[in-house]
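Enquirer: Show me how the following folds:
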Amino acid sequence: MARTCIRKSFTSAAAQRPVSDFRSDTVTKPCKNMRNAMYQAQLGDDVYGEDPSVNTLEEYAAYITGKEAALFVPSGTMGNLVAVGAHCARGDEIVLGATSHMFLYEGGGASAFMGASYACVRERGDGTLALNDVAAALRDDDVHCPRSRLLCLENTHNRAGGAPLPRAYLDDAARFAADRGLKLHIDGARLANAAVAQRTSMRHLLEGADSASICLSKGLGAPVGSVLVGSPGFVAKARRLRKALGGGMRQAGVLAAAGLEALINNFLRLSDDHANAAALARGLAAIRGVRQQQEQRRTNMVYFALESGGGGSSGAAAAAAFARRLADEHGVLVGGGYGADGGTMRAVTHLDVGPADVERALAAVRVLLAVAPAPR
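Expert: Numbers count the residues shown, from 1 in each chain. Coordinates of the predicted model:
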């Protein structure tokens, strides 16, 4: 079932209603301090390597991740794509999760643009790949087969409920990859969430990785961009690929300044998002007629579904109708179309929703399901 989001254009009376937007942490808006940083950014031509704001962001990103070099890219999708191209030759194969963002939601770019094939391994409930399953997916040294070159892991894992991958597992995966001549790339779109949830640093989580892509425009709150980190040689290859894909920007310091502000000032506050997600999950768990899809090892995501479609409705149709009513009648926006039957909804907390939005969302769900609030 294709993933959908309930997008609502509010008009007339509905336009005056406040909106609590839980569709994704990509909907955040730059705060006043971030806008000021963008306005005051020193600029140059980044394709010539002369934008001081971009250079500062890249140096800082490399430092906090423990890597030697970094590259500012327009999106996480481009970061992952050029990482594949920098690590792999055309005809090579990458091993990754069957429900990973790189496989499901990035347009098949590794195949379309880099000539790499995908070997998919089913994830466990916590978002990890069993290394025995990865080993079984690796190709023999045979002229009939593509060469296994790259192992990709997602941290946190979206479809596993925002699960942060355990550090011990990351260490095991790094040793596994090195022993088999593979490079290890981390799709760290929400790596900052993983670090905050585990009370550690991104540097600590990336010690064994060869590269990582880290999104600045999700929970960290920048309007645009990601950083790709790795060795100088890797970043040099990625820079060339970024240019070929149209990702070389000129006075990009306006965006880089926002990214630097996000990394410096919005990192620790991610714990607020995690607390709000936990409160939302607890509230939903207390509402009859709502079920959560898996044991929640969450950071800032909550996946939930209705106990019954009702009236013979399929899970997907019931969820879509429910999400539409949340938006139309209560101004609460959630994502939909997840799960095997498309009947699972997702709520993501971020810096533009707070405890009041959580309470508003819970009240809306209770009203639509005609459930009285649980006593405190």
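
Enquirer: which non-adjacent residue is nearest residue 84?
Expert: Closest residue to residue 84 apart from its sequence neighbours, by Cβ to Cβ, 6 or more residues apart in numbering: residue 110 at 4.5 Å. For glycine as for every other residue, the C-beta is placed from the backbone atoms N, C-alpha and C.

Enquirer: Equivalent analysis for residue 220, please.
Expert: Among residues not flanking residue 220 along the chain, residue 262 sits closest, at 3.8 Å (Cβ to Cβ, 6+ apart).

Enquirer: That neighbour: what's it in contact with?
Expert: 34, 216, 220, 221, 222 (Cβ atoms under 8 Å, 6 or more residues apart in numbering).

Enquirer: returning to that earlier point: the residue nearest to residue 84 touches residue 94, doesn't it?
Expert: Yes - between residue 110 and residue 94 there is a contact under Cβ atoms under 8 Å: 6.1 Å.

Enquirer: Identify the contacts common to those two.
Expert: Counting by Cβ under 8 Å, 6+ apart, the contacts common to residue 110 and residue 94 are 84, 116, 118.

Enquirer: who's in contact with residue 91?
Expert: 115, 116, 117, 146, 147.

Enquirer: So what's the residue count around residue 168?
Expert: Neighbour count of residue 168, defined by other Cβ atoms under 10 Å: 8.

Enquirer: what number of residues lie near the residue nearest to residue 84?
Expert: Neighbour count for residue 110, taken as other Cβ under 10 Å: 26.

Enquirer: That one and residue 171, how far apart?
Expert: Distance of residue 110 to residue 171, computed by Cβ to Cβ, to the nearest Å: 26 Å.

Enquirer: what ranges do the helices span in the stretch 201-350 of the chain?
Expert: For the stretch 201-350 of the chain, helices defined by DSSP state H, counting those that start in this stretch occupy the ranges 202-205, 232-244, 253-265, 270-285, 315-330.

Enquirer: Out of those, which is closest to residue 157?
Expert: Closest to residue 157 of the helices of the stretch 201-350 of the chain, according to Cβ to Cβ: helix 202-205, at 13.2 Å.

Enquirer: which helices and strands does that closest one pack with?
Expert: When contacts are defined as 3 or more Cβ pairs under 8 Å, 6 or more residues apart in numbering; DSSP states H and E, helix 202-205 packs onto helix 52-65, helix 167-179, strand 183-188, helix 191-197.

Enquirer: Figure out which of the ones you listed is closest to residue 76.
Expert: Nearest to residue 76, of all the helices and strands packed on helix 202-205, is strand 183-188, at 7.4 Å by Cβ to Cβ.

Enquirer: and the angle from that closest one to helix 167-179?
Expert: Inter-element angle recorded for strand 183-188 and helix 167-179: 150 degrees (by axes from the mean of the first three to the mean of the last three Cα atoms, to 10 degrees).

Enquirer: Report the mean confidence score over strand 183-188.
Expert: The average pLDDT for strand 183-188 rounds to 99.

Enquirer: Setting aside sequence neighbours, what's the nearest residue to the spatially most central residue of the chain?
Expert: By Cα atoms, centre = their mean, the mean C-alpha position of the chain lies nearest to residue 189, the distance being 4.0 Å. With Cβ to Cβ, 6+ apart as the criterion, residue 189 has its nearest non-adjacent residue at 4.2 Å, and that residue is residue 215.

Enquirer: Test my guess that that neighbour contacts residue 190.
Expert: Yes - if you go by Cβ under 8 Å, residue 215 and residue 190 touch, sitting 6.9 Å apart.

Enquirer: okay, the two: which has more neighbours?
Expert: With neighbours defined as other Cβ under 10 Å, residue 215 and residue 190 compare such that residue 190 has more, 30 against 26.

Enquirer: Please look at that one and residue 161 and confirm they touch.
Expert: No - with contact defined as Cβ under 8 Å, residue 190 does not count as touching residue 161 (11.8 Å).

Enquirer: how much space is there between residue 286 and residue 138?
Expert: Per Cβ to Cβ, residue 286 is found 46 Å from residue 138.

Enquirer: Repeat that for residue 244.
Expert: According to Cβ to Cβ, residue 244 and residue 138 sit 29 Å apart.

Enquirer: the more surrounded of those two?
Expert: residue 138 (16 against 12).

Enquirer: residues in contact with residue 54?
Expert: Taking Cβ under 8 Å, 6+ apart, one finds 44, 46, 72, 252, 253, 256 in contact with residue 54.

Enquirer: now, which of those residues sits nearest residue 345?
Expert: Nearest to residue 345, judged by Cβ to Cβ, of the contacts of residue 54 is residue 72 at 33.5 Å.

Enquirer: got a list of what the closest one touches?
Expert: 46, 54, 57, 58, 61, 225, 226, 227, 252, 255, 256, 259.
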